[in-house]
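Chemist: Have a look at this prediction, sequence included:
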Amino acid sequence: FVDIEIPNFFTPNGDAENDTWSIQNMDGFPEMTVNVLDRYGRIITTVSPNGQREWDGLYNGKPLPTGDYWYVIKLNGEKDDREFVGHFTLFR
């Protein structure tokens, strides 16, 4: 059983509400990595409990456009190496 919360959308517009995309309850999976990809499969960023924990909607310092982005979650545990794939929306 994996108990993590993945947001369906975020709105990085500077209003202090939903300005970043982050997964809740990551601490229970210290080896987990999450790659965020664009529609072409290019890795935009990597999120993990031991590194960058959230994404602000930027790529190389520039804001990305509104659209759907994909994530690949790899648990990477000794006994649990499952992967989960899904998508979310960035609204500007």
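Modeler: Ah, there it is.

Chemist: what secondary structure does the residue lying farthest from the centre of the chain sit in?
Modeler: Here the centre of the chain is the reference, and by Cα atoms, centre = their mean the most remote residue is K79, at 22.9 Å. Under DSSP: H, G, I helix; E, B strand; the rest coil, K79 falls in the coil class.

Chemist: Would you indicate which residues of stretch 67-78 are buried?
Modeler: Buried positions in stretch 67-78, judged by neighbour count with 16 or more other Cβ atoms under 10 Å: 69-71, 73-75. Where you see a C-beta, it was placed from the backbone N, CA and C, and this is true even at glycine.

Chemist: Over to stretch 11-23?
Modeler: 11-12, 21-23.

Chemist: So what touches that stretch?
Modeler: 4-7, 9-10, 34, 36, 47, 53-58, 63, 73, 88, 90-92 (Cβ atoms under 8 Å, 6 or more residues apart in numbering).

Chemist: Any stretches of this protein with poor pLDDT?
Modeler: Along the chain, the model assigns pLDDT under 70 to residues 1.

Chemist: which residues in it form strands?
Modeler: Secondary structure of the chain by DSSP state E: the strands cover 9-10, 33-37, 43-47, 58-59, 62-63, 67-74, 83-90.

Chemist: Please convert these to a markdown table, extending it with distance to D27.
Modeler: A markdown table is the format used below for the strands of the chain (distance: least, Cβ to Cβ, whole Å):
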| stretch | distance to D27 |
| --- | --- |
| strand 9-10 | 20 |
| strand 33-37 | 13 |
| strand 43-47 | 13 |
| strand 58-59 | 25 |
| strand 62-63 | 29 |
| strand 67-74 | 14 |
| strand 83-90 | 17 |
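
Chemist: just those strands: most buried one?
Modeler: The highest mean neighbour count among the strands of the chain, using mean count of other Cβ atoms under 10 Å, belongs to strand 33-37: a mean of 19.
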